[in-house]
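**Student:** 3D, please:
(2 chains)
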Amino acid sequence: MAKIAITGIGIVSPSGIGKRQFWANIKSGRSFIKEITRFDASRYPSRIAGQIDELDKYSNISERLLKKIDAFSHMALIASELALQDAGIDIKNEDPNLVGIFLGNAIGGWLYAETELRDLYLEGREGVSPYMASAWFPAAPQGQVSIYYGIKGFSKTVVADRAGSLMALGYAAKVLNKDKLNMILAGGMEAPVTPYALLCCNTYGALSKNNAHPQEAYRPFDKKRDGCVIGEGAGIVVMEGIERASKRGAKPLAYISGYSATCDGIDRINCSADGKELARAIKAALSEAKTNVDEIGYISLDGLAMDLWDDSEIKALQSVFAGRLKDIPVSCPKSMFGNLLGASGAVDMIATILTMEHALVPVTLNLDEPNIEGLNYVTKEAKEHKIKRALVISRGRGGINSVLVVEKGEN
Amino acid sequence: METKTKIKEVLVNLLKVKPEELKDAVALQESIGVDSTEMVESVIALEKAFGVKLSPKEITKSSSIDDIEKVIQSKFAK
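**Tutor:** Residues are numbered from 1 along each chain as shown, chains lettered A, B, ... in the order given. Alright, predicted model coming up:
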């Protein structure tokens, strides 16, 4: 696969909106996990999350459009605009047939759906907004972004639980390699801080119940871990071929050079304990990037903070990197703002790009006592480290493994 | 309240458009670029506001405020 340039970053997260604010908070290691205030969550086993309270402040979206869309589309629209601005692209100057959208999402837009379904049962069919049909489903943000900008090129939404957005990025890189599109807006979005979505996440059993101490709740790889904490947001980047980026004078922020995905295929919910299929995905991504374990300078971990998932992730890394693993800094910055489920991989990749740009590895919060020793965990404070190539791991329910190799850009 | 004023009020509140964008003699598609889903919503809202049964065939994207007023008044006349 030829390397694909990333020339613009759009991030909407509990740790900040826009890459500057996001990075300032990430490098300081500050937690943005709080008690849920949007609705009464007092009877949920897990009632903490990374929430975005100031979405409207950053939005140019009209009230007329806002009433037709769910929060996850709103987040995707803001992230897309930030990415285009960062890339210096005016979409009006692009051939709309040669622009694509590749986004990942896990659960759809439930805030909209829940309200309308309540009205269906209270008021009958006339109580339901006709926008319900186009607001809730996982591909709705792709549709809204395409309508907003008049984008008409080949586009896809990937639904693969938490791995969706990293898979969307990998898929976008492969499509750009076929030279059938000029550029792609790629990433993902998720808005799970709603009564029903939170209930589903609770039922899944992967959420921390440490409600008394929200900032200490999400502790990937730590002995006292008891699950992740959900978060909401979107991470979207502009991707284009290196030649095109160079022609228009854009300095790539990073390159995607390798991608692979595998499935464990053993259980409906759980991953395999041996990490073998994740290891196979890592090897395949490295091979596609024409690189090897010696050239990887940082690993962004999936870190669900569940025994089975964390330990199998480390087993996979041990089997691929062997003795080299102790030298490579690893971290899971999402411990600061929550697991954005279907958007988590894209946000992890954005954090990794900023990590390489600033030569500063952000921490895994609350990793006080690793369950498995022998890795170069970055904890307590960010660590200076020059990185040329990094690995981003994103996994999904049922044992979906996706891995991206990202290289430092020109800045 | 005058029928026409009430129609405009319903549409402004529902569609979040500016009152001055709605022109009496111009089709909704031309004046505010109404889409088909907005039309479904508008017909339901007008039915509720005026207490009459309206068909999506009677009020369409091509209807102006004047046209809608005529349809509603014809229902009252029956």
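**Student:** contacts, neighbours, all on C-alpha from now
**Tutor:** Noted.
**Student:** Pull the residues that contact stretch A:33-40.
**Tutor:** A:47-51, A:193-195, A:211, A:214-215, A:229, A:336-338 (CA atoms under 8 Å, 6 or more residues apart in numbering or on different chains).
**Student:** ignore the last one, stretch A:388-399
**Tutor:** A:160-164, A:166, A:263-272, A:295-302, A:344-345, A:348-349, A:352, A:356, A:401-408.
**Student:** quick check: mean pLDDT across it?
**Tutor:** If you average the pLDDT over stretch A:388-399, you get 97.
**Student:** what about that stretch, distance to the chain center?
**Tutor:** 10 Å (CA atoms, centre = their mean, to the nearest Å).
**Student:** same question, stretch A:104-122
**Tutor:** That offset, for stretch A:104-122, works out to 22 Å (CA atoms, centre = their mean).
**Student:** is that stretch anywhere near chain B?
**Tutor:** No - contact of stretch A:104-122 with chain B (CA under 8 Å from any CA of the partner chain) is absent, the minimum separation being 13.4 Å.
**Student:** Would you mark the buried spots in that stretch?
**Tutor:** Buried residues in stretch A:104-122, counting neighbours by 16 or more other CA atoms under 10 Å in any protein chain shown, are found at A:104-114, A:116-117, A:119.
**Student:** what pairs with whichever helix or strand A:Val405 is part of, and is each one parallel or antiparallel?
**Tutor:** Using DSSP states H and E, A:Val405 falls within strand A:400-408. Sheet partners assigned to strand A:400-408 using DSSP bridges are listed as strand A:254-263 (antiparallel), strand A:389-396 (antiparallel).
**Student:** burial count for the closest residue to A:Asp327 other than its chain neighbours?
**Tutor:** Once flanking residues are discounted, A:Asp327 sits nearest to A:Asn376: 6.1 Å by CA to CA, 6 or more residues apart in numbering or on different chains. Applying other CA atoms under 10 Å in any protein chain shown, we find 15 other residues in the vicinity of A:Asn376.
**Student:** Correct me if wrong: A:Ser134 contacts A:Ala140.
**Tutor:** Yes - using CA atoms under 8 Å, A:Ser134 makes contact with A:Ala140 at a distance of 6.2 Å.
**Student:** higher neighbour count, those two?
**Tutor:** Taking neighbours as other CA under 10 Å, A:Ser134 and A:Ala140 compare with A:Ala140 leading, 22 against 18.
**Student:** Can you name the next helix or strand after the lengthiest helix in chain B?
**Tutor:** Longest helix in chain B by number of residues (criterion: DSSP state H): helix B:36-50. For helix B:36-50, the succeeding helix or strand toward the C-terminus, using DSSP H and E, is helix B:65-77.
**Student:** Which residue, neighbours along the chain excluded, lies closest to the residue in chain B that chain A sits nearest to?
**Tutor:** Proximity of chain B to chain A (CA to the nearest CA) peaks at B:Lys16, 4.9 Å away. Distances taken as CA to CA, 6+ apart put A:Arg64 closest to B:Lys16, at 4.9 Å, once the chain neighbours are dropped.
**Student:** Can you list the neighbours in contact with the host helix or strand of the one you found?
**Tutor:** For A:Arg64, the enclosing helix or strand under DSSP H and E is helix A:63-66. With contact meaning CA under 8 Å, 6+ apart, helix A:63-66 is reached by A:His74, B:Leu15, B:Lys16, B:Val17.
**Student:** Equivalent analysis for stretch A:318-329, please.
**Tutor:** Against stretch A:318-329 from outside (CA under 8 Å, 6+ apart): A:279, A:282-283, A:293-294, A:296-299, A:317, A:361, A:374-378.
**Student:** what about dumping the CA coordinates of the strand holding A:Val405 to CSV?
**Tutor:** Taking Å, rounded to 0.1, in the frame of the first residue of the first chain, the C-alpha atoms of strand A:400-408 are listed here in CSV:
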residue,chain,number,x,y,z
ILE,A,400,-12.6,-7.8,16.1
ASN,A,401,-8.9,-6.7,15.8
SER,A,402,-7.8,-3.7,13.8
VAL,A,403,-4.4,-2.2,13.6
LEU,A,404,-3.0,0.9,11.9
VAL,A,405,0.6,1.9,11.3
VAL,A,406,1.0,5.7,11.4
GLU,A,407,4.1,7.6,10.5
LYS,A,408,5.2,11.1,11.5
